[in-house]
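Asker: sequence unknown, structure follows:
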């Protein structure tokens with residue numbers, strides 16, 4: 001039984017010669033191509049205009065600006081239902 005189990009995990013010795021580094025690379029990663037890839041930078045999008053009276057960042061939000069923005073939303077909601 002033990003001999004049979006050992007035979008399962010024993011490697012079969014083959015007469016192989018060492019492979020070259022180029023062959024190992026080609027086997028692992030595929031052949032190198034002479035093709036050169038250049039990547040162009042993506043242009044930045046044009047800045048969009050922000051609504052007037054609205055702060056550019058949330059840190060600029062003051063109580064008065066918040067109140068005006070809330071009133072503008074209420075007025076817009078009232079116009080939409082009317």
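Answerer: Everything's here; your move. Note that the structure is a prediction, hence the values are computed from the model and not measured.

Asker: pLDDT weak spots in the protein?
Answerer: Along the chain, the parts satisfying pLDDT under 70 run over 1, 11-15, 31-33, 50-61, 80-82.

Asker: What ranges does the chain have for its strands?
Answerer: Applying DSSP state E to the chain gives no strands.

Asker: From the centroid of the protein, which residue is nearest?
Answerer: When the chain is reduced to its mean C-alpha position, the nearest residue by C-alpha atoms, centre = their mean turns out to be residue 42, at 15.1 Å.

Asker: Next, find the distance separating it from residue 35.
Answerer: As for residue 42, its distance to residue 35 is 22 Å (criterion: C-beta to C-beta, to the nearest Å). No exception for glycine: its C-beta is placed from N, CA and C like everyone else's.

Asker: same question, residue 69
Answerer: 54 Å.

Asker: Same check on residue 78?
Answerer: 62 Å.

Asker: can you map out the helices along this structure?
Answerer: Counting by DSSP state H, the segments of the chain that form helices are 2-9, 21-29, 63-81.

Asker: Looking at the ones you listed, spot the one closest to residue 48.
Answerer: Closest to residue 48 of those, according to C-beta to C-beta: helix 63-81, at 17.7 Å.

Asker: Packing partners of the closest one?
Answerer: If you count contacts as 3 or more C-beta pairs under 8 Å, 6 or more residues apart in numbering; DSSP states H and E, helix 63-81 packs onto no helix or strand.
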